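# give me a 3D structure for the following:
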Amino acid sequence: MKINLLKSAFIGALTFTALASSYANAHAQWLVPSHTSLSGDKAHYVMIDASISNEIFAADKAYRPKEKGAEYDDNLLIAIGPDGKPISDKIRAYYLQRKNSAAVKLADEGTYHIAMKHEPRIMTFYKNAEGERKRVFGPKTSKDIPADAKDVRTTKAFSTVDTFVSRNGTSKPALLGKGLEISGPTHPNDLFVGEEARFQLLKDGKPAANVELAILKGDTRYRNERNEVKVTTDKQGFFTNTWQHPGLYLIEASVNEDSSEKGIDSVRYSLFTTLDVAPE
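Below is the predicted model of the structure:
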């Protein structure tokens with residue numbers, strides 16, 4: 001199994017246009033909540049912005065609705081409530097050219113796990129007769145692959161884009177159970193400058209060992225250097241970080257491995273988790 005830092009991020013407006021680039025220049029996917037902690041006797045709404053950009057948390061490319069010309073998509077986001085079940089209300093994510101925006105109702109007390117509803121994407125890479133590297137979305141049997149193609153390889157890509165929001169205190173967040181994701185023991189809505197946080201990286205619900213992650217503070221457009229902090233998970237998938245500054249952070253990682261599935265040569269898992277760090 002080959003495991004490495006995210007060197008290519010797959011982006012798109014639900015067409016998933018792929019960009020292959022170095023990690024420092026990769027386009028990130030992200031969610032930004034208007035609040036990560038809310039309190040009060042009545043149900044609250046939190047606004048969620050979704051976009052794809054090189055400048056972290058600066059909206060650039062929105063996810064297009066599946067239906068051409070539609071103003072919103074009811075299947076872009078999922079919110080798992082404190083009871084471990086997806087909330088029953090539809091999450092209407094409006095298409096706003098450079099970002100999508102949705103309101104999520106927090107009716108219960110505790111922590112909500114909010115994520116993109118990305119399904120795995122099949123992509124096939126090959127070299128044409130001129131030796132140029134090409135890509136199509138689909139399996140090796142795709143009619144768009146020329147008969148004289150060489151070095152044909154098919155990848156199945158899983159992308160996790162998520163964040164956490166709590167109402168009237170925290171509870172143990174529900175797990176997605178598939179792809180890459182982070183879990184405790186530190187609660188994702190209980191982060192403070194100067195305090196060490198300890199998380200466990202999971203892949204399909206199991207510890208992901210020896211994976212390198214990048215922890216990147218937002219507002220990169222206002223810095224000359226991205227200044228990401230790189231950490232590696234231990235044998236049980238745990239990693240730690242002590243926060244130096246308050247603000248929103250993006251945790252990124254990627255895992256590439258060979259596949260035993262018929263017609264699939266490799267599987268790529270990627271992670272983009274937004275966390276909010278409070279001042280001391």
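# every contact and neighbour count from this point should use C-alpha atoms.
Fine.
# wait, is Arg221 part of a helix?
Yes: Arg221 forms part of a helix when assessed by DSSP: H, G, I helix; E, B strand; the rest coil.
# residues near the nearest residue to it once chain neighbours are set aside, how many?
Excluding its sequence neighbours, the residue lying closest to Arg221 (CA to CA, 6 or more residues apart in numbering) is Glu55, at 5.7 Å. As a burial measure, Glu55 scores 18 neighbours (other CA atoms under 10 Å).
# what do you get for the one 3 residues further on?
Here the count is done by other CA under 10 Å, and Ala58 has 18 residues near it.
# ok, Ser37 next?
19.
# what sits closest to it if chain neighbours are left out?
Ser166 (4.9 Å).
# lowest average confidence, helix or strand, in the protein?
Least confident helix or strand, the chain: strand 18-20 with a mean of 32, by mean pLDDT, DSSP states H and E.
# the stretch 1-150 of the chain: helices as residue ranges?
Read by DSSP state H, counting those that start in this stretch, the stretch 1-150 of the chain holds no helices at all.
# pLDDT weak spots in it?
Low-confidence segments of the stretch 1-150 of the chain, defined by pLDDT under 70: 1-26.
# in it, what residue spans correspond to strands?
Counting by DSSP state E, counting those that start in this stretch, the stretch 1-150 of the chain has strands at residues 3-4, 8-10, 18-20, 28-33, 37-38, 44-53, 72-73, 77-80, 93-95, 100-106, 110-116, 121-127, 133-137, 150-167.
# which of these sits most buried?
Of all the strands of the stretch 1-150 of the chain, strand 28-33 carries the top mean neighbour count, a mean of 26, counting by mean count of other CA atoms under 10 Å.
# got the CA positions of that strand in CSV?
Listed next in CSV are the C-alpha coordinates belonging to strand 28-33 (Å, rounded to 0.1, in the frame of the first residue of the first chain):
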residue,chain,number,x,y,z
ALA,A,28,-8.6,22.4,-1.9
GLN,A,29,-12.3,21.6,-1.3
TRP,A,30,-13.8,23.0,1.9
LEU,A,31,-16.8,23.8,4.0
VAL,A,32,-17.0,26.9,6.1
PRO,A,33,-19.7,27.1,8.8
